[in-house]
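Colleague: Next one to model:
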Amino acid sequence: MFRRLKIIALLAVLAGLAGLVLYGNSRIAPERVPVEFSIPAGSSLKTVARNFEAKGIIDQPFVFVLMARILGEANRIKAGNYLIDKPITAYQLLTKITSGETMFSKVTIVDGWSFRQMRGELDSRSDIRHDSTEMSGEAIMQAIGASETDPEGLFFPDTYYFDAGDSDLNIYRRAYHMMQKRLDAAWQSRAAGLPYATPYQALIMASIIEKETGAPEERPMIAAVFVNRMRIGMGLQSDPTVIYGMGSRYDGNIRKVDLETDTPYNTYTRRGLPPTPIALPGEAAIQAALHPADSRALYFVAKGNGRHHFSDTLEEHNKAVYRYQIKGGA
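Modeller: Sure thing, here's the model as predicted:
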């Protein structure tokens, strides 16, 4: 009797194993590809299996969990974003989520954003781990190993790929080092005779050029105007720097009183560069700051079509202001 029970138990085990083999080799989600799913950090195997069932990827979560445990894979689940782009078996699905065959997430930092805007974008993402939530800008800079204390302008605008659940500090660190790399390369090949003592000063100028320029091809000319003004000790007189200095007081309009109200960033009331960048400049703005156009222009005025008229003299500039700003000519 006992021997018969052992045989029955053995047959049951073998049948169970055969069933698991059949299940592991069964196709899943054949009608729903492509399908994306995410596994948050710290998720248990049971939770993952239930989520698979809810998304229609598998229909037997208990068997999936049992298969993973028998194969010793239950504690090897890796967080991330995943993609099933063709029908696969249950075993292939288990291999995918234990080998970390993830689909990268990405975040795009836009040229001309302020650090506040960049931080807002990272903070809004559910696929990023928010380790910097309680940190000040200065604390973030310290955490990523930066020598600077003010974060403005020091992160290179680009698209960054990452695994879901990656720390926001890692993205800040990568963007910071990318800016250092790009700025250093541009500084090494800079034009002669520029009025910058350090790469950081060039970065400040690049941020102003970024905010002043609507038409990309005008960046070298905008740079030339500001470089020419610095060379003769003339104020930069840049509205975007005034706006930056106004902070939350800026309501979309800049008035005469704003131009006359002194702040560290008001380049109408103060000569030279502001104390920090005012935005995250892109590659083109950095190149323009370090390779301005060969021009004697000291003035520019918006023409109303996203472009500017450039003038060498105040008399010519006043005529352009009348034509484009007062009369409304084209």
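
Colleague: need the helices for the protein, in chain order.
Modeller: 2-24, 45-54, 61-70, 90-99, 115-123, 137-143, 168-188, 199-212, 219-231, 239-246, 256-260, 283-290, 314-321 (DSSP state H).

Colleague: For the ones you listed, could you give me a markdown table that also reports mean neighbour count?
Modeller: C-beta here means a position set from N, CA and C on the backbone, and glycine is covered the same way. Shown next, in a markdown table, are these (neighbours: other Cβ atoms under 10 Å):
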| stretch | mean neighbour count |
| --- | --- |
| helix 2-24 | 11 |
| helix 45-54 | 17 |
| helix 61-70 | 18 |
| helix 90-99 | 18 |
| helix 115-123 | 16 |
| helix 137-143 | 16 |
| helix 168-188 | 18 |
| helix 199-212 | 24 |
| helix 219-231 | 22 |
| helix 239-246 | 20 |
| helix 256-260 | 11 |
| helix 283-290 | 24 |
| helix 314-321 | 14 |
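
Colleague: closest to Pro34 out of those helices?
Modeller: Closest to Pro34 of these, according to Cβ to Cβ: helix 90-99, at 13.3 Å.

Colleague: Please tell me how far Ser99 sits from Leu66.
Modeller: 20 Å (Cβ to Cβ, to the nearest Å).

Colleague: Equivalent analysis for Val227, please.
Modeller: From Val227 to Leu66 the distance is 71 Å (Cβ to Cβ).

Colleague: Gly56 too?
Modeller: Counting by Cβ to Cβ, the gap from Gly56 to Leu66 is 20 Å.

Colleague: Low-confidence bits of the stretch 151-300 of the chain, can you list those?
Modeller: Applying pLDDT under 70 to the stretch 151-300 of the chain flags no residue at all.

Colleague: How about Arg173: what's its closest non-neighbour residue?
Modeller: The shortest distance from Arg173 to any residue other than its chain neighbours is 4.1 Å, reached at Ile144 (Cβ to Cβ, 6 or more residues apart in numbering).

Colleague: Tell me which residue is most central in the protein.
Modeller: Note on the chain: the residue nearest the mean C-alpha position is Ile109, at 3.0 Å, using Cα atoms, centre = their mean.

Colleague: that older thread, so which of the helices of the chain gets nearest Asn81?
Modeller: Set against Asn81 and scored by Cβ to Cβ, those come closest in helix 90-99, at 11.2 Å.

Colleague: The residue nearest to Glu316 when sequence neighbours are not counted: neighbour count?
Modeller: In space, and not counting its chain neighbours, Glu316 is closest to Tyr299: 7.6 Å by Cβ to Cβ, 6+ apart. Number of residues near Tyr299 (other Cβ atoms under 10 Å) recorded here: 21.

Colleague: Could you measure from Tyr299 over to Ala215?
Modeller: Taking Cβ to Cβ as the measure, Tyr299 falls 17 Å from Ala215.

Colleague: how does the protein divide into domains?
Modeller: Domain assignment for the chain by automatic domain parsing gives 20-99, 105-183, 190-326.

Colleague: where does Asn266 sit relative to Ile84, distance-wise?
Modeller: Asn266 sits 56 Å away from Ile84, taking Cβ to Cβ as the criterion.

Colleague: One more: Ala223?
Modeller: Distance, Ala223 to Ile84, using Cβ to Cβ: 49 Å.

Colleague: same deal with Ala202?
Modeller: Ala202 sits 48 Å away from Ile84 when distances are taken as Cβ to Cβ.

Colleague: and what of Pro34?
Modeller: Pro34 sits 6 Å away from Ile84, going by Cβ to Cβ.

Colleague: For those two, work out which one has more neighbours and name it.
Modeller: When Pro34 and Ile84 are compared for neighbours, Ile84 comes out ahead with 20 against 10, by other Cβ under 10 Å.

Colleague: roughly how far apart are the nearest residue to the more buried one once chain neighbours are set aside and Phe64?
Modeller: Once flanking residues are discounted, Ile84 sits nearest to Val35: 4.9 Å by Cβ to Cβ, 6+ apart. Val35 sits 16 Å away from Phe64, going by Cβ to Cβ.

Colleague: Ok, Phe115 next?
Modeller: Here the distance between Phe115 and Phe64 works out to 45 Å (Cβ to Cβ).

Colleague: ditto for Asp158
Modeller: In this view, Asp158 and Phe64 are 39 Å apart by Cβ to Cβ.

Colleague: Let me see the mean pLDDT of stretch 313-329.
Modeller: Regarding stretch 313-329, the rounded mean pLDDT is 87.
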